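Q: Here is my input, please return the structure:
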Amino acid sequence: MKFAGKVNFDLRRRLGLALVLPAALVGAIAIPPQILDAQAQTGDGRALTLQSDVQEANSQTGVITARGNVQMNYPARQIQATAAQAQYFSRERRLVLSGNVYVLQEGNSIRGETITYLVDEGRFVALPKSNRQVESTYIISDPEAPVSTSR
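A: Purely as a prediction, here's the structure:
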């Protein structure tokens, strides 16, 4: 297994890790046999994965912070996002993305300066930069809408 700034929340929580991993750090890590089951459980699409330049996990507070070129993927809910920073509050099951945030879910998108995702509610709360607005694009099915014939 190699770490390159990409860490699975479930695996980190099971291990109780509190560490900082720069993306440039890539090394092989021997995994004890009792942890191999944790890896297998992440293949069902429930894992929320973050990639970033630097990540910190605090086992005391349950907060995971990712900074720099953050990319999030949550296949179970078909969510992808980019941001400058992400903080996952595991006890509250709340993810706060900040810094030029873009979220894409099933063709719908939202842009803002800070977007909070409440995992249990499946709800986003977006805030704009000062003196700006949040921008969202939603795909709406309308069977009566005229079909575009532009070529």
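Q: in this structure, what spans have low per-residue confidence?
A: 1-45, 148-151 (pLDDT under 70).
Q: repeat that with 50
A: Applying pLDDT under 50 to the chain flags the ranges 1-42.
Q: any chance you could map the strands in it?
A: Secondary structure of the chain by DSSP state E: the strands cover 6-8, 20-22, 49-51, 54-58, 63-74, 79-89, 94-105, 108-118, 123-127, 135-137.
Q: Serialize those to a markdown table and add fields for distance to A145.
A: Any C-beta I mention is one placed from the backbone N, CA and C, and that applies to glycine too. Below are those laid out as a markdown table (distance: least, Cβ to Cβ, whole Å):
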| stretch | distance to A145 |
| --- | --- |
| strand 6-8 | 41 |
| strand 20-22 | 48 |
| strand 49-51 | 36 |
| strand 54-58 | 44 |
| strand 63-74 | 30 |
| strand 79-89 | 27 |
| strand 94-105 | 22 |
| strand 108-118 | 17 |
| strand 123-127 | 26 |
| strand 135-137 | 16 |
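Q: how close does G112 get to A81?
A: Look at G112 and A81: by Cβ to Cβ, to the nearest Å, they are 11 Å apart.
Q: what touches both of the two?
A: When contacts are counted by Cβ atoms under 8 Å, 6 or more residues apart in numbering, G112 and A81 are jointly contacted by V101.
Q: which ones are touching the closest residue to Y117 other than its chain neighbours?
A: Nearest residue to Y117 in three dimensions, chain neighbours excluded: L95, at 4.4 Å (Cβ to Cβ, 6 or more residues apart in numbering). Residues near L95 by Cβ under 8 Å, 6+ apart: L48, M72, A86, Q87, Y88, F89, T116, Y117, V119.
Q: Provide the count of other residues in contact range of the second one.
A: It refers to M72. Here the number of neighbours of M72 (other Cβ atoms under 10 Å) works out to 22.
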